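> Here you go, sequence then predicted model.
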Amino acid sequence: MITPVLVVAAAIVDDLDDPRELLAARRAVPARLAGRWEFPGGKVDGDESPEDALHREIREELGVRIGLGDEVVGPDDGGWRLSEDYVMRIWLAEVVEGTPEPLVEHDELRWLAPHQWHDVPWLDADVRIVDRLASLSVRLS
Ligand SMILES: Nc1nc2c([nH]c(=O)n2[C@H]2C[C@H](O)[C@@H](COP(=O)(O)OP(=O)(O)OP(=O)(O)O)O2)c(=O)[nH]1
């Protein structure tokens, strides 16, 4: 079996202590993913730790610095299987410096208000992660 490539992503909320709004990013590329919404992030390079890769990806994609909260542990050996080729690890996060902008592979960002976290067409594999986040946020609030 081929080992899936590790993708890391951030579930950026307005406030880690009281998460209400969730940042979603709309993909502009590639064409088969364009128009669908996702968590900002990307692939881990060979020599990086997952956390370093996540800080790099968020700086490149959104132009901000983030602070990480807890990892949102998934059902697939702790991660979230996206497809045959990819598995994703995702952390809660908040912006600590800058204002997020869609700089590279996104064409729109949206802060989703409470109860609207499902209101954009997420990439298929992300829907169950949004479900998990919504249930966590209900428990936290
Ligand atoms: N970043 C990210 N990728 C996701 C999510 N959900 C999901 O299925 N994917 C898929 C889309 C891609 O096929 C794959 C790899 O992510 P990516 O294209 O963002 O990785 P990257 O930025 O390093 O890409 P590149 O520089 O090599 O073009 O993971 C998600 O929420 N965030």
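Great, that's in hand. Numbering: from 1, shown residues only.
> Can you tell me the element Asp70 falls in?
Using DSSP states H and E, the element containing Asp70 is strand 65-71.
> Checking Asp126 next. Helix, strand or coil?
Of the three states, Asp126 takes helix under DSSP: H, G, I helix; E, B strand; the rest coil.
> If you could redo that for Asp107, that was the one I meant.
Three-state assignment for Asp107 (three-state DSSP): strand.
> I figured it hits Arg36, correct?
No. Assessed by C-beta atoms under 8 Å, Asp107 is found out of contact with Arg36, at 11.5 Å. All C-beta atoms are positioned from the backbone trio N, CA, C, and that covers glycine.
> what touches both of the two?
Counting by C-beta atoms under 8 Å, 6 or more residues apart in numbering, the contacts common to Asp107 and Arg36 are Arg26, Arg27.
> neighbour count winner among the two?
Arg36 (15 against 12; other C-beta atoms under 10 Å).
> Could I get the full set of strands for the chain?
Counting by DSSP state E, the chain has strands at residues 5-12, 22-27, 37-38, 41-43, 65-71, 80-81, 86-97, 106-112.
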